[in-house]
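S.K.: With the sequence up front, the predicted model follows.
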There are 2 protein chains.
Amino acid sequence: MNLENTQIQMRKGILEFCILHIISRGEVYASNMLDELTSAKMIVVEGTLYPLLTRLKNAGLLEYKWVESKSGPPRKYYKLTDDGTHFLKGLTETWDDVVHSTETVRSTFAAATEKNAAEENKQ
Amino acid sequence: MNLENTQIQMRKGILEFCILHIISRGEVYASNMLDELTSAKMIVVEGTLYPLLTRLKNAGLLEYKWVESKSGPPRKYYKLTDDGTHFLKGLTETWDDVVHSTETVRSTFAAATEKNAAEENKQ
DNA sequence: CCCAGTACTTGGCTATGCATAGTACTTCTG
DNA sequence: CAGAAGTACTATGCATAGCCAAGTACTGGG
């Protein structure tokens, strides 16, 4: 129960959302995504990204094509399928809901305490 | 890989943050928290909340006292320990970072594509 | 021919949220 | 007093995503 672990937990699902978003803007390969995520201060390691891309591809949300590279092995350039575009739309709503709910909890002040006091008086 | 599952994943860690926040505002017991979370549209079931409270207590972030109730079994009223207050502060920063990073990814437009094009020209 | 750099792969570990079922206490009803 | 209903807490087992760490494979330079 340390901060580092919670940071890890908080990323679950969110990474998927971010990856789909990045891919939705144009064909990219894994290193492009890592760069962009890093520049957004969302550090991701290879062992997280590659399995995620494979999952998304197997789910039919992504497709890729191999493109030769002059500086190493060929690259997988990913793009969204129609299903992927639709799924991203749903994820966006989910994310907005989660943020909104969290903000509600943060901005509510002592509602429970008041409610609790009311209940005590009632009894 | 369906929306429902991603909604579940997105809650990981965030729930912990919300619970600590609710408790930080005053002593409450589990049903109070469920009510407040539900009213914030963050639906949680008992089987999730109770183990979480136990974990937080075992980690020394919470403490509770038993209070008799006139309408059922006694209740555990929770409050934050000093460690819990400190931990919540850290979580708040983490959450703000995650939201900020995600917003950065969402608001960035085609940065990767431009970068990619530049790289191609370089070669 | 080896070495560094790039790109992708794999296997095992951990933690959290969920489903489901169960215990225990109190009050109300007949 | 017996049984039902409501409230509060407990217990077990599962699925999943992200992490770590090591490994494969291709290219070009000295």
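M.R.: Yep, that arrived.

S.K.: What does residue A:2 show for phi and psi?
M.R.: Dihedral pair for residue A:2: phi -120, psi 170, per degrees, to the nearest 10.

S.K.: residues from chain A in reach of DNA strand D?
M.R.: Residues of chain A found near DNA strand D (CB under 7 Å from any atom of the strand) are A:8, A:11-16, A:43-48, A:51-52, A:55, A:70-73. Where C-beta positions appear, they are placed from N, C-alpha and C, glycine not excepted.

S.K.: just those that are near chain B?
M.R.: Restricting the residues of chain A next to DNA strand D to those near chain B by CB under 8 Å from any CB of the partner chain leaves A:8, A:11-14, A:16, A:55, A:70-71.

S.K.: circling back to that earlier point, among the residues of chain A next to DNA strand D, which are in helices?
M.R.: Using DSSP state H, the subset of those located in helices is A:8, A:14-16, A:46-48, A:51-52, A:55.

S.K.: got a list of what the spatially closest residue to residue A:61 that is not a sequence neighbour touches?
M.R.: Using CB to CB, 6 or more residues apart in numbering or on different chains and skipping the chain neighbours, the partner closest in space to residue A:61 is residue A:84 (3.6 Å). With contact set as CB atoms under 8 Å, 6 or more residues apart in numbering or on different chains, residue A:84 has these partners: A:20, A:23-24, A:56, A:60-62.

S.K.: Quick check: helices, which of those residues are part of them?
M.R.: Members of the contacts of residue A:84 lying in helices (criterion: DSSP H): A:20, A:23-24, A:56.

S.K.: Please identify the buried residues of stretch A:45-63?
M.R.: Of all the residues in stretch A:45-63, those buried under the rule 16 or more other CB atoms under 10 Å in any protein chain shown are A:49, A:52-53, A:56-57, A:61-62.

S.K.: Identify the farthest-apart pair in the residues you listed.
M.R.: The largest separation in those, counting by CB to CB, is between A:49 and A:61 at 14.9 Å.

S.K.: Quickly check: the top helix by length along chain A near DNA strand C or not.
M.R.: Secondary structure of chain A per DSSP H: the longest helix is helix A:82-107. No - with CB under 7 Å from any atom of the strand as the threshold, helix A:82-107 lies outside contact range of DNA strand C, at a closest distance of 11.4 Å.
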